[in-house]
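1. build the 3D model from these lines:
(4 chains)
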2 protein chains.
Amino acid sequence: MNRPLRVPRVDNRLPMLLDEAARLFGSQGFAGTSIRDIVRRVDMLPGSLYYHFAAKEDLLAAVYEEGVRRISERVAAAIKDQVDPWQRVEAACVAHLEALLEESDYAQVVIRVRPSDVPAIGARLVALRDRYERVFVDLTDALPLRAGTDRRTLRLMLLGALNWSQTWYRPGRDDAAAIARGFVALLRRPSNQE
Amino acid sequence: MNRPLRVPRVDNRLPMLLDEAARLFGSQGFAGTSIRDIVRRVDMLPGSLYYHFAAKEDLLAAVYEEGVRRISERVAAAIKDQVDPWQRVEAACVAHLEALLEESDYAQVVIRVRPSDVPAIGARLVALRDRYERVFVDLTDALPLRAGTDRRTLRLMLLGALNWSQTWYRPGRDDAAAIARGFVALLRRPSNQE
DNA sequence: GGACGTAGAAAACAAGTGTTTGTTTTAGTA
DNA sequence: TACTAAAACAAACACTTGTTTTCTACGTCC
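-> Model prediction:
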């Protein structure tokens, strides 16, 4: 009979390890971050990481998965109370961007790291990201749009603009929620004057 | 009297070297590409690269600069004949995206590589990119928009959506020009039905 | 109290990294 | 023919990379 109860030790540094990995993968990318970079701040030796993960890629997969979990959670909580389709989209975008820019290193990894950069687990990462973005498919499908408007294009434009903001956003100067609302407003209200 | 004319050799492989560097930096990033990766396909030895460039970063700088030059050229040619502000923006976006997705490996590098990933030349890269994007500042400033519309937000949204398309675009399935026109149309015409 | 799983330390491994150094080949010039 | 610069070769440099192996302290459970 196998043992269902595994008792973790109190001095377990795995959480710290994941946090640091998220911080570095998110800011320097996968190839730009070495295992020694990660373990250094956790006061661990390089080899010790391999007790928790079989390979560097698996560490990334764990961080990436946690990142998807955290964004999904934030977005789900944000749209829960909204009923108006446009307000639901706006709430989701604000939550997405706040998680991405101001809250979680884990979320940054999801946006920053390209699955194609890590062939060994690329398919897994794509599946995770697709599963998350399905929320936005539903949200944009519910929008009352003029006939002929391409909903896929609208969704790709919105998510693209949000995700790219990671490259120019500077904390203090910019405000994540304001940016997200600004993008949604541009799609919702006409900008032209014809 | 010294000789201003230096005759380059005919078997000079520098152009091939730059092409290959652009291809790899664009598809695998800076840290993800080794010097041996680059020189291999050009039938060169690692050390020979250092006759042309003092460091790996300088090779990237050369590729990046050429990338900016190529996109700028394409965009300038595209807007030259247009007079209507919205059509100028559309032409610029189509040219930007076609260069980025279908034409030039060099252009991909400009979008793919983050200046912060290469601290040694980061400031130079930022300056180059800023200089290019100034075209879009002028283009969006000329748009006839309703009072109160934030032009910076509009520009960041447009460029962000375009640049991010690099992550999901697949040749054959997608069409760069159509994507660009779709994005511009969403900003130009109202999508809602209020 | 012996067995066992946890969470690492310690040290090394082979392969790969950017780079340097001395030398060679090629070709135009005086 | 002698000289010089261009462009690369050949081989190594010191260091970093991801990973493996062996050993050890600690707590839990029968």
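2. in PDB, list the C-alpha atoms belonging to stretch A:44-51.
-> Listed next in PDB are the C-alpha coordinates belonging to stretch A:44-51 (Å, rounded to 0.1, in the frame of the first residue of the first chain):
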ATOM      1  CA  MET A  44      21.300  26.800  -3.200                       C
ATOM      2  CA  LEU A  45      23.800  24.800  -5.300                       C
ATOM      3  CA  PRO A  46      23.200  24.200  -9.000                       C
ATOM      4  CA  GLY A  47      22.900  20.400  -8.600                       C
ATOM      5  CA  SER A  48      20.300  20.700  -5.900                       C
ATOM      6  CA  LEU A  49      17.800  22.000  -8.300                       C
ATOM      7  CA  TYR A  50      17.700  18.600  -9.900                       C
ATOM      8  CA  TYR A  51      16.100  17.100  -6.900                       C
END
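3. the top helix by length along chain A and DNA strand D in contact?
-> Across chain A, the longest stretch assigned as helix under DSSP state H is helix A:56-79. Yes - Helix A:56-79 is in contact with DNA strand D by CB under 7 Å from any atom of the strand, via A:56, A:57. All C-beta spots, glycine's among them, are computed from the backbone N, C-alpha and C.
4. give me the distance between residue A:158 and chain B.
-> 8 Å (CB to the nearest CB, to the nearest Å).
5. what secondary structure does that residue sit in?
-> helix (DSSP: H, G, I helix; E, B strand; the rest coil).
6. give me the neighbour count for it.
-> 26 (other CB atoms under 10 Å in any protein chain shown).
7. what residue is smack in the middle of chain A?
-> In chain A, the residue lying closest to the centroid (CA atoms, centre = their mean) is residue A:107, at 3.2 Å.
8. show me what the helix or strand hosting that one is packed against.
-> Element membership of residue A:107, judged by DSSP states H and E, is helix A:105-112. Contact here means 3 or more CB pairs under 8 Å, 6 or more residues apart in numbering or on different chains; DSSP states H and E; on that basis helix A:105-112 packs against helix A:14-28, helix A:56-79, helix A:122-141, helix A:151-168.
9. now those in JSON lines, with mean pLDDT?
-> Below are the helices and strands packed on helix A:105-112 laid out as JSON lines (pLDDT from 0 to 100):
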{"stretch": "helix A:14-28", "mean pLDDT": "97"}
{"stretch": "helix A:56-79", "mean pLDDT": "97"}
{"stretch": "helix A:122-141", "mean pLDDT": "97"}
{"stretch": "helix A:151-168", "mean pLDDT": "97"}
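10. save the ones you listed as CSV, and put in distance to DNA strand C too.
-> CSV is the format used below for the helices and strands packed on helix A:105-112 (distance: least, CB to the nearest atom of the strand, whole Å):
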stretch, distance to DNA strand C
helix A:14-28, 5
helix A:56-79, 13
helix A:122-141, 19
helix A:151-168, 23
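11. make JSON lines out of the ones you listed and add distance to residue B:177.
-> JSON lines is the format used below for the helices and strands packed on helix A:105-112 (distance: least, CB to CB, whole Å):
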{"stretch": "helix A:14-28", "distance to residue B:177": "34"}
{"stretch": "helix A:56-79", "distance to residue B:177": "32"}
{"stretch": "helix A:122-141", "distance to residue B:177": "23"}
{"stretch": "helix A:151-168", "distance to residue B:177": "13"}
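12. quick revisit: distance of the residue lying closest to the residue nearest to the centre of chain A once chain neighbours are set aside from DNA strand C?
-> Spatial nearest neighbour of residue A:107, chain neighbours left out: residue A:99 (4.5 Å); criterion: CB to CB, 6 or more residues apart in numbering or on different chains. Here residue A:99 is placed at a distance of 27 Å from DNA strand C (CB to the nearest atom of the strand, to the nearest Å).
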